[in-house]
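Trainee: the following comprises the amino acid sequence and a computationally predicted model.
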Amino acid sequence: MTSTPSPRVLVVDDEIGFRELCTDLLGDNGYETDAAANGREALQYLEKEKYQLVLSDINMPVMDGLEFLKSSKSKYPSIEIILMTAYGGLQSALEALRFGAYDYITKPFTRDGLLATVRRCVEKQRLSHELKIAQDELIKKEKLAALGSMSAWLAHRMRNPLNVILMCSQYLKTKFPEKDERQEVALAIEEKVKILEKMTRDFIEFSRSYQPRFEKEKIHEVLDQVLETVASRAKMQGVTIKKKYTDPELKVSLDRDLMEEVFGYLFDNAIEAMIGPGVLSVLTDKEDDHIVLHISNTGSPIPSDLRERLFDPFFTTKERGTGLGLAISRRVIESHDGSIQLAQDKNTTFRIELPINHEEED
């Protein structure tokens, strides 16, 4: 599990003694700090590093605090800025807040007072970030729910016509000689109908409401069983399967049927992605109360412009794909309170994280 990085603060003041005092105080209280002598120098820092907060004096040479505030807020609106001055006044305070400053404090101030203001600012940023994530997640779930309803409606409406077309094409095949080109037309119709049938099954699968039946299962036995189903295909293609399990006896709370579907899709997809010979790797590790699985293949890496869209419903680079496999896999894994993402490495590696004990387990 990754730890949260320390907030990064830029201190801007033309008095070197005051800069050092602020950076030492903030550093002693867990903040990462840098310092600049004026607003122009501070802007150069903002171009190179990412900061949560800037603590800036108002009265400085080259570029003062108010000019810096205007310039930085237009380019970096997410950065919070606290302005400081030894010449406090209502007019300058109002101007600072009007241009987007988080707060305005007057020198001299106490160490505790400065730290309290900085903590409030960082906490506000954290809560705003969490709120945005929650809002984005809610919007995504609402869109997926609407998409699932539409998919189910479309799939059920398609099934009857497809069955009729399939039966008619099979009937026509019996009316023509084996090498008659009309029979080839009937066969082509049948083939296309089967493709559409596969699409309707994917639509229905995507629209399902996943409610796992949790039981304690040896996760590595589940993986091995699914790997056996793809072993012959892998051998024919020249694909080597490599496994490295952290604890072969580890039991995890999961719905075996659902997770077998996910692993089966990921293994099939990995073998298909390699086209020819390659290596399919399945690695597991235990991190605190979670198990982490890495499923990777040595096929061509996924272009950076496509990585963010991989889990979007109906996005596919395959000629006959529906683009629902990874979307369904993510829904199943999230129903287990887990997560799946594409790891940043030279191979195509999916990182799956699952809780070992599910809280709803009896």
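Mentor: Cool, got the structure.

Trainee: from what I can see residue 260 touches residue 222, true?
Mentor: Yes. Assessed by Cβ atoms under 8 Å, residue 260 is found in contact with residue 222 at 6.3 Å. (Each C-beta comes from the backbone N, C-alpha and C, glycine too.)

Trainee: low-confidence stretches in the chain?
Mentor: Where the chain drops to pLDDT under 70, the residues are 1-4, 87-93, 136-157, 201-210, 313-323, 359-362.

Trainee: now the strands: where do they sit in it?
Mentor: 8-12, 32-36, 53-57, 80-85, 103-106, 215-218, 239-244, 251-254, 278-287, 290-297, 339-342, 348-355 (DSSP state E).

Trainee: can you tell which of those is closest to residue 272?
Mentor: strand 290-297 (9.2 Å; Cβ to Cβ).

Trainee: what lines up beside that closest one in the sheet?
Mentor: strand 278-287 (antiparallel), strand 348-355 (antiparallel) (DSSP bridges).

Trainee: mind putting the strands of the chain into TSV with mean neighbour count?
Mentor: Formatted as TSV, those follow (neighbours: other Cβ atoms under 10 Å):
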stretch	mean neighbour count
strand 8-12	24
strand 32-36	19
strand 53-57	26
strand 80-85	24
strand 103-106	17
strand 215-218	15
strand 239-244	14
strand 251-254	22
strand 278-287	18
strand 290-297	20
strand 339-342	16
strand 348-355	19
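
Trainee: quick one: which of those strands is nearest residue 304?
Mentor: The nearest among the strands of the chain, by Cβ to Cβ, is strand 339-342 at 10.6 Å.

Trainee: in its sheet, what does that closest one sit against?
Mentor: Going by DSSP bridges, the partners of strand 339-342 are strand 348-355 (antiparallel).

Trainee: how far out from the middle of the chain is stretch 328-336?
Mentor: 13 Å (Cα atoms, centre = their mean, to the nearest Å).

Trainee: do stretch 124-135 as well
Mentor: 16 Å.

Trainee: in it, what's buried?
Mentor: residue 125 (16 or more other Cβ atoms under 10 Å).

Trainee: re the thing from before, so which of the strands of the chain comes closest to residue 306?
Mentor: strand 339-342 (9.7 Å).

Trainee: what's in contact with the closest one?
Mentor: 302, 307, 310-311, 329-330, 333, 348-353 (Cβ atoms under 8 Å, 6 or more residues apart in numbering).

Trainee: got CSV for these, with distance to residue 49 too?
Mentor: As requested, the contacts of strand 339-342 are exported to CSV (distance: Cβ to Cβ, whole Å):
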residue, distance to residue 49
302, 29
307, 25
310, 30
311, 31
329, 37
330, 33
333, 35
348, 31
349, 29
350, 31
351, 27
352, 33
353, 30
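
Trainee: from the residues you listed, which two are the most distant?
Mentor: 302 and 353 (19.7 Å).

Trainee: domains for the chain, by residue range?
Mentor: 8-109, 136-207, 215-355 (automatic domain parsing).

Trainee: closest to residue 123 out of the ones you listed?
Mentor: Using Cβ to Cβ, the nearest of the domains of the chain to residue 123 is domain 8-109, at 10.7 Å.

Trainee: before we move on, back to that, make JSON lines out of the domains of the chain and add distance to residue 129.
Mentor: Shown next, in JSON lines, are the domains of the chain (distance: least, Cβ to Cβ, whole Å):
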{"stretch": "domain 8-109", "distance to residue 129": "9"}
{"stretch": "domain 136-207", "distance to residue 129": "11"}
{"stretch": "domain 215-355", "distance to residue 129": "18"}
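
Trainee: and the helices in the stretch 1-150 of the chain, which stretches?
Mentor: Along the stretch 1-150 of the chain, the segments classed as helices by DSSP state H, counting those that start in this stretch run 16-28, 39-48, 65-75, 90-98, 111-173.

Trainee: tell me which of the ones you listed lies nearest to residue 186.
Mentor: Short answer: helix 111-173, nearest of the helices of the stretch 1-150 of the chain by Cβ to Cβ, at 4.2 Å.

Trainee: could you dump stretch 184-196 to CSV, C-alpha only?
Mentor: Output of stretch 184-196 as CSV, limited to C-alpha atoms (Å, rounded to 0.1, in the frame of the first residue of the first chain):
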residue,chain,number,x,y,z
GLU,A,184,-21.7,-19.9,-49.0
VAL,A,185,-24.0,-16.8,-48.7
ALA,A,186,-26.1,-18.7,-46.1
LEU,A,187,-22.9,-19.7,-44.2
ALA,A,188,-21.8,-16.0,-44.2
ILE,A,189,-25.1,-15.0,-42.8
GLU,A,190,-24.8,-17.6,-40.1
GLU,A,191,-21.3,-16.5,-39.2
LYS,A,192,-22.3,-12.9,-38.8
VAL,A,193,-25.4,-13.8,-36.7
LYS,A,194,-23.1,-15.7,-34.3
ILE,A,195,-20.9,-12.6,-33.9
LEU,A,196,-24.0,-10.6,-33.1
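
Trainee: can you list the buried residues in it?
Mentor: In stretch 184-196, counting by 16+ other Cβ under 10 Å, buried: 186, 189-190, 193.

Trainee: now intersect those residues with the helices, please.
Mentor: Using DSSP state H, 186, 189-190, 193 are the members of the buried residues of stretch 184-196 that sit in helices.

Trainee: tell me which of these is nearest to residue 162?
Mentor: Closest to residue 162, out of all of these and judged by Cβ to Cβ, is residue 193, at 5.6 Å.

Trainee: test my guess that the closest one contacts residue 164.
Mentor: No. Using Cβ under 8 Å, residue 193 is not in contact with residue 164, being 9.7 Å away.
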